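In: any chance you can model this:
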Amino acid sequence: MIHELIIIIVLSLIIVALRKRKISNLVDVEIKGLPLFAFSFLLQFMSGIAVKNFSDTTFGHYVYIFFPYIHSLSYQLVLIGIMLNFEKNYMKVFFIGTMMNFIVIMANGMKMPVRIPPEYPFSWENYSYLVYGKDLIHTALTKDTRLKFLADIIILKEPYPFTKTISIGDIFLLLGFGWFIQEETKKSP
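Out: Purely as a prediction, here's the structure:
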């Protein structure tokens, strides 16, 4: 979802510029519990690095085994951070998107199911990792997948520059980021 987030941020900043709002207002945004969001990201990021680079070590093996708990903790930290800022309307949108993703992930062994289009499976992002269960965060969508409608089933393809899938929850998160930028740039510094 990194590519989509970058696109949303760029589009939002263009809208901010067209509306003659101050982008510099984003520097002064007060988010309660900001370290919770940062620590959540770091947990997932560092776990991925540990498994990818140290998979042959005891440490990498344990990170892989315990990642479902690490993944759950990272979502819980994000949800606590969202609740600390729930008075902000865009945080309500973040909450909806985060809960949608967390629910489908919990229902499927703490991994997000991903639909792989049959027309180009081998060019799909992390195809072999998905099929062989080596991806820490994702798994291939199957007939046994629970809550499929919340999984990564929305296919983005041409003219979109990156071929991938996203979930309904991801759409809410992206809308939340766009709303965050619009809301926080309209305030007086």
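In: now residue 39: closest residue in space, sequence neighbours ignored.
Out: The shortest distance from residue 39 to any residue other than its chain neighbours is 5.9 Å, reached at residue 77 (CB to CB, 6 or more residues apart in numbering). Bear in mind the C-beta positions are built from the backbone N, C-alpha and C, glycine included.
In: list the contacts of the one you found.
Out: Under the criterion of CB atoms under 8 Å, 6 or more residues apart in numbering, the contact list for residue 77 reads 36, 37, 39, 40, 43.
In: narrow those to those that are buried.
Out: The neighbour-count test (16 or more other CB atoms under 10 Å) marks 36, 37, 40, 43 as buried among the contacts of residue 77.
In: now do the second one, the pLDDT please.
Out: Model confidence at residue 37, expressed as pLDDT, equals 95.
In: just confirm it is within a helix.
Out: Yes - the assignment for residue 37 (DSSP: H, G, I helix; E, B strand; the rest coil) places it in a helix.
In: heads up, I number from 5, so please use that
Out: Yep, numbering from 5; the last one is residue 41 now.
In: do you know how far it is from residue 160?
Out: Applying CB to CB, to the nearest Å, the value for residue 41 to residue 160 is 25 Å.
In: and the strands in this protein?
Out: With DSSP state E as the definition, the chain shows strands at residue ranges 116-118, 142-144, 158-160, 168-170.
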